[in-house]
Structures are given as structure tokens and as C-alpha cells.
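J.: Here you go, sequence then predicted model.
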Amino acid sequence: MHLILARFLSGQGIVQIVNVSVGIVLLWLLPVEEYAFYVIVWFLLVVASIITNLGVSRAITTLAAKHFEDKLYLGSLYLTGLKINSRTYLVAVGLVIILSIVVFFEKEWSMSSISISILLLLLICWYQNKVNLQQALLNVHHDDKGLFAAGIIGGGLRLLASGFCYIWPEATVALAGSLIGAYASNKMLES
């Protein structure tokens, strides 16, 4: 049991270090205005993610714990969670649009940058939501290798993509990197 816990903690610790590194790299590479814009959009992403998930991934972990060997049950549980989150995602989309109008009203950022960033944020939210549901099932199976692989692929790609901010120091480039990471994690977990 100690070995499983140690592997899980060390793997997740590495993933967190990679994710923190992304923030540090962006802090260095993005101009202050772009970094401020990135932080605001990231705040909207956090709001959208909370509303989209509403604890469904935790519920999946709890409900699946008693049936961890029943693949049909787990599949049905995942699809039910995805269906619930599809509905709450629509609420999150509406709220993000309203909040973005309030937050960005009469600010210096261009309408195209705001629109592209909101689109990227909503795509990141959707893929990250799917990753959270899939990770809930990995937690049930104590699959520390799968959790590490999904986290390191997503975080690693975000870190690599952040390097493009050296050439194009824009928040939309950083958000595109986050989308690539979330999409890659989702694809890895689906396979």
C-alpha cells in the first residue's frame, strides 16, 4: 500500500511541477498586459469548469468504488456523468459569455482576441471535463500510471506549447497550448 501511495504522490508531484512551470514560463514570456488577459481568461475557465463538473467526477469515484470490476456499470456511469455535464456545460457557456461581457467591457483588448480566447477556454473546459471524468475511473482502479501519463502528456504539451510565446507573446497562444494539452490528455485516456 505504501508503494502505491508513494508512486501516486511522486507522479502527481511531477505533474504539478510541470504545471507550475507553465505558469512561470508564461510569466516570463508574456508582456504584463497579455499575462493579465491570460489570468482573467483562466479565471473564467475555472468558473466554467466548476459549473460544468459540479462534483460529478467525485460522485463517479464514489459510486464506482463498489463496482470497480463491472465494466458495463463503469461505462454507463461515465456516460451518465458525461450527459449530466453536457447540460451543466451549456449553463457554463452562458455564464462565461455574460461574465466576459462584464469583465471585458470597455477594456483595451481587441474583440478578436477576446472572442478567440473565449472559444479556446470553452474547448479547454469541455476536454478537461472529459479528462476529469476519465481520471475518476482511473482513481477507482488505483491506476497511478494512467493518471501520471494523462497528467504529464497534458502538462508537458502545455509547457512545450508555452515556448511559442517566445515568438508570439500573446495570451491566445498560451491558451491554444492549454487546449492542445487537454485534447491530448483526453485522447490518451480514450484509447
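T.: Here it is on my side, so go on.
J.: so what's the spatially most central residue of the chain scoring on pLDDT?
T.: Within the chain, the residue whose C-alpha comes closest to the C-alpha centroid is residue 128; the distance, by C-alpha atoms, centre = their mean, is 3.6 Å. Looking at residue 128, its pLDDT is 95.
J.: for residue 57, same thing?
T.: At residue 57 the predicted local distance difference test score is 92.
J.: And for the one 4 residues further on?
T.: We note a pLDDT of 89 for residue 61 in this prediction.
J.: show me what contacts it?
T.: Taking C-beta atoms under 8 Å, 6 or more residues apart in numbering as the definition of contact, the neighbours of residue 61 are 136, 137, 139, 140. All C-beta atoms are positioned from the backbone trio N, CA, C, and that covers glycine.
J.: How much space separates the residue nearest to the centre of the chain from residue 148?
T.: As for residue 128, its distance to residue 148 is 17 Å (criterion: C-beta to C-beta, to the nearest Å).
J.: can you check residue 10 too?
T.: Here residue 10 is placed at a distance of 9 Å from residue 148 (C-beta to C-beta).
J.: same deal with residue 81?
T.: Per C-beta to C-beta, residue 81 is found 22 Å from residue 148.
J.: Those two: who's more crowded?
T.: residue 81 (24 against 19; other C-beta atoms under 10 Å).
J.: Can you tell me the element the more buried one falls in?
T.: helix 71-104 (DSSP states H and E).
J.: I'd like the average pLDDT over that helix.
T.: Per-residue pLDDT values over helix 71-104 give a mean of 94.
J.: Check which helices and strands the following helix or strand past it is in contact with.
T.: Of the helices and strands lying after helix 71-104 in sequence (DSSP H and E), the nearest is helix 111-140. Under the contact criterion of 3 or more C-beta pairs under 8 Å, 6 or more residues apart in numbering; DSSP states H and E, helix 111-140 touches helix 32-53, helix 56-64, helix 71-104, helix 144-162, helix 171-190.
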